[in-house]
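A.B. asks: no FASTA, just this:
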Ligand code: F6P
C-alpha cells in the first residue's frame, strides 16, 4: 500500500537538484519571486520566499506530492476512510469543525449530527458555568475550572487558553493539571477554594495513569475540604465533569454521565482540542468565540481541500519540510511566534508533529529508508533571540524556522521617553523582520570590514545567510486565526506523513514506557525481587533513590 517515495522520479530529481543546489537568497529575492511565493490561506499571509527554494525544486516537490498521491490521501482522510491503518480507524478531526448543515456519513453514522449534538451540550454547560447558574454543592458560583488531562487532553486547551487570554470572561480562571509529578496538583490546588472549583477530567481513553491519579487526588482534596456534612456523591456530581470517548469508565469513576461529554475514536488525542476536550476553553472564552475558533479551523480545512497545489499553503510548507529533512539534512524545525500569547504554541506543536511523524515503519510495516519527523521546538521572539538564535544564525546546522506575527497587538502599549514615543508592538515587529532578513541575507566579510571591524574579528562577525525561514502574518490573534494556525500545522503534518508513507495517527512509541513504569513501580517501593530483575543501570538508580528518599 502506498508508494515508497524514494522510488519516485521526483525523489531522484530532488536528489540531483540537492547535489548541485547553491542557495543565494540575496539574488533570489526579487519582487517577482516574493510575489510568487507569497500565499494566502484564509486570513494568513504566508511568505515562503526566504526558503531555500527555486522554481526547479518547487516543481519537483509538487511532482513528488503527485507521485505519492497526497491529494488522494487527503481526500480519503476527509471522507472518513480508515487511514489510521494500525488502529483501523478513520481520521476525522476535520469533521469536528464542519458546519451544522454539512453532512458526512462514516461507517454508517452521521458524524456531523453527532458532533453538533455534543457541541450543543458543551455550549449549554459552559453557559451555565459562565452565568453562575451552575454552582458548587454549597451553592457558590464557580470561579476556577481545573482541567485534568495530559498530552492532547491538555496541551491544546492550555495553549488556546493562553493564546486567547484577551477573550476570557472576568472572574473565571482555568488551571491545568497534567504531570504525575505531585508538584503539579499540589501547586495548582494550593490556593483554591473547593466550594468554587470545578474539575474537568479530560481523557480520551479514561485510562491514563497521570490523569486518573490526578483526578483521584483532586477528588480527595475536594471531599476533605468541603464543609463537614456535605454529601460526597452530591459533591462529586457538582464539582466533577468529564470529557472522554469511554463514558462507561467515566461512570465507574463516579462522575454523573449527564455531565460527561463524549467524542469518538476517529479523533486523535493530539487532534482533539476542537472536540469536547476544549470544554475548559469554552467555559473561559464562551461558545461564540469557540465557534469562531472552529470556523477558523474549517476555513483552513477548506483551503487545504480546494487550493491548487502551487498555492496550497499546508501542501507547500509540508513539502518544504520534506526537502529540508530528506535532501538538505535538517533535523529540527523551529517555530518562533512573535506573540507572547502563543508561548505554549511550540509545546503544542511538539506533540502534534512529533507524536504524528516520529515513525520508522511505513503503512505496510516495512522500514523506512529515509528520515522522518523533525524535532519541532521554539520559544516566543524576542526571548529566543537572546537565547538560542546564535546557533540558527552562525551555527553549523540547518534550522528551518517559521516566524509568526500579527499586525495588531493584543496589548497596545507605548514607551514614552524624553526622545518621544515608541509603539512597543512596532519594536516587536522590527525584530520579527530583522531576524528573517538577517537569516536570509547574512552579512559578508566585506560588509563587516566596511563597518571598521578589526581583521582578526571579521570571521566571527560574518553571517553566512541563506538560512531558511517562512513568515506567517495575520491581522490579529483572534479565535478564528488561532484555529487557522492550528489546522495549518495539522495539515502540514499530514502532508509530510503522506509523503513518507507512515501512519501519522497512531502513537505506539509511547506504550513501552507506560508498561515499564507499571512493572517498575514495586521495585521503587522496595520490592527487592522486582529490583533484581532490572538492568544494572536501573538497579543502581533505584538504590540511589532509596538511599536518598529520606523516609
Ligand atoms: O501517551 C500518549 C497519549 O496517548 C497521547 O496520544 C494522548 O494525547 C495522551 O496520551 C492522553 O491520552 P488520554 O486523553 O487518553 O488520557
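C.D. replies: Arrived safely, thanks for sending. If you're wondering where the values come from, they're calculated on a predicted model, not measured in any experiment.
A.B. asks: and the chain, which of its residues are near the ligand?
C.D. replies: Contacts of the chain with the ligand, taken as CB under 6 Å from any ligand atom, map to 150-153, 203-205, 208, 211, 269-270, 355, 507, 510. Glycine gets a C-beta too; all of them are placed from N, C-alpha and C.
A.B. asks: repeat that for 5 Å
C.D. replies: Contacts of the chain with the ligand, taken as CB under 5 Å from any ligand atom, map to 151-153, 203-205, 208, 211, 269, 507, 510.
A.B. asks: how about low-confidence regions in the chain?
C.D. replies: For the chain, residues meeting the criterion pLDDT under 70 lie at 1.
A.B. asks: before we move on, the earlier item: buried only: go through the residues of the chain next to the ligand for me.
C.D. replies: Neighbour-count burial (16 or more other CB atoms under 10 Å) applied to the residues of the chain next to the ligand gives 151-153, 203-204, 208, 211, 269, 507.
A.B. asks: take these and keep only those in helices.
C.D. replies: The helices, defined by DSSP state H, take in residue 211 from these.
A.B. asks: tell me which of the buried ones among the residues of the chain next to the ligand is nearest to residue 409?
C.D. replies: residue 152 (30.0 Å; CB to CB).
A.B. asks: you'd agree the closest one is up against residue 268?
C.D. replies: Yes: in this structure, residue 152 is within contact of residue 268 by CB atoms under 8 Å, at 7.0 Å.
A.B. asks: confirm for me that residue 153 is in contact with residue 205.
C.D. replies: No: look at residue 153 against residue 205 with CB under 8 Å: they stay out of range, at 9.3 Å.
A.B. asks: which other residues reach stretch 22-42?
C.D. replies: With CB atoms under 8 Å, 6 or more residues apart in numbering as the test, stretch 22-42 has contacts from 45-54, 296, 299-300, 303, 307, 311-314, 316, 440-441, 465-466, 480, 484, 488.
A.B. asks: mind running it again at 6 Å?
C.D. replies: Applying CB atoms under 6 Å, 6 or more residues apart in numbering, the contact partners of stretch 22-42 are 46-49, 52, 299-300, 303, 311, 313, 440-441, 466, 484.
A.B. asks: same deal with stretch 366-376?
C.D. replies: The contact list for stretch 366-376 (CB under 6 Å, 6+ apart) reads 6, 325-326, 332-333, 349-350, 353-354, 357-362, 500, 502.
A.B. asks: tell me how far that stretch lies from the chain's centre.
C.D. replies: Computed by CA atoms, centre = their mean, to the nearest Å, the chain-centroid distance of stretch 366-376 equals 19 Å.
A.B. asks: start to end distance for it?
C.D. replies: One end of stretch 366-376 to the other measures 25 Å (CA to CA, to the nearest Å).
A.B. asks: so which bits of it are buried?
C.D. replies: For stretch 366-376, a neighbour-count test (16+ other CB under 10 Å) marks 368, 370, 372-374, 376 as buried.
A.B. asks: redo those residues as JSON lines? Include secondary structure and distance to residue 129.
C.D. replies: Shown next, in JSON lines, are the buried residues of stretch 366-376 (DSSP: H, G, I helix; E, B strand; the rest coil; distance: CB to CB, whole Å):
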{"residue": "368", "secondary structure": "coil", "distance to residue 129": "47"}
{"residue": "370", "secondary structure": "coil", "distance to residue 129": "49"}
{"residue": "372", "secondary structure": "coil", "distance to residue 129": "42"}
{"residue": "373", "secondary structure": "coil", "distance to residue 129": "39"}
{"residue": "374", "secondary structure": "coil", "distance to residue 129": "40"}
{"residue": "376", "secondary structure": "strand", "distance to residue 129": "34"}
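A.B. asks: what is the nearest of those to the ligand?
C.D. replies: Closest approach to the ligand among the buried residues of stretch 366-376 (CB to the nearest ligand atom): residue 373, at 14.7 Å.
A.B. asks: how about that closest one, nearest residue that isn't a chain neighbour?
C.D. replies: residue 357 (3.5 Å; CB to CB, 6 or more residues apart in numbering).
A.B. asks: how about that neighbour, what does it touch?
C.D. replies: 372-373, 496-497, 504.
A.B. asks: which other residues reach stretch 538-547?
C.D. replies: Residues outside stretch 538-547 that contact it (CB under 6 Å, 6+ apart): 523, 531.
A.B. asks: and residue 526, how many neighbours does it have?
C.D. replies: 11 (other CB atoms under 10 Å).
A.B. asks: actually residue 471, not the one I wrote
C.D. replies: Residue 471 has 21 neighbours, counted by other CB under 10 Å.
A.B. asks: tell me if it really is in a strand.
C.D. replies: Yes: inclusion of residue 471 in a strand is indicated when DSSP: H, G, I helix; E, B strand; the rest coil is applied.
A.B. asks: hmm, which of the contacts of stretch 366-376 are the buried ones?
C.D. replies: 325-326, 332-333, 349-350, 353-354, 357-359, 362, 500, 502.
A.B. asks: list the buried residues in stretch 16-34.
C.D. replies: Buried residues in stretch 16-34, counted by 16+ other CB under 10 Å: 17-18, 21, 23, 25, 28-29, 33.
A.B. asks: got the end-to-end distance for stretch 365-385?
C.D. replies: End-to-end distance for stretch 365-385: 42 Å, by CA to CA.
A.B. asks: roughly how far does the nearest residue to residue 442 once chain neighbours are set aside sit from residue 71?
C.D. replies: For residue 442, ignoring the flanking residues on the chain, the nearest one in space by CB to CB, 6+ apart is residue 465 at 2.3 Å. Residue 465 sits at a distance of 35 Å from residue 71 (criterion: CB to CB, to the nearest Å).
A.B. asks: neighbour count winner among those two?
C.D. replies: More neighbours surround residue 465 than the other of residue 465 and residue 71, with 18 against 15 (other CB under 10 Å).
A.B. asks: over to the more buried one. Which of the three states is it?
C.D. replies: State at residue 465, reduced to three classes by three-state DSSP: coil.
A.B. asks: just want the residue of the stretch 1-150 of the chain that's nearest the ligand.
C.D. replies: Residue of the stretch 1-150 of the chain nearest the ligand, by CB to the nearest ligand atom: residue 150 (5.1 Å).
A.B. asks: what do you get for the stretch 301-450 of the chain?
C.D. replies: Counting by CB to the nearest ligand atom, the stretch 301-450 of the chain gets nearest the ligand through residue 355, at 5.8 Å.
A.B. asks: name the nearest residue to that residue, ignoring sequence neighbours.
C.D. replies: residue 507 (5.0 Å).
A.B. asks: re the thing from before, ok, so what distance separates the residue nearest to residue 373 from residue 504?
C.D. replies: Distance of residue 357 to residue 504, computed by CB to CB: 6 Å.
A.B. asks: same question for residue 125.
C.D. replies: Applying CB to CB, the value for residue 125 to residue 504 is 32 Å.
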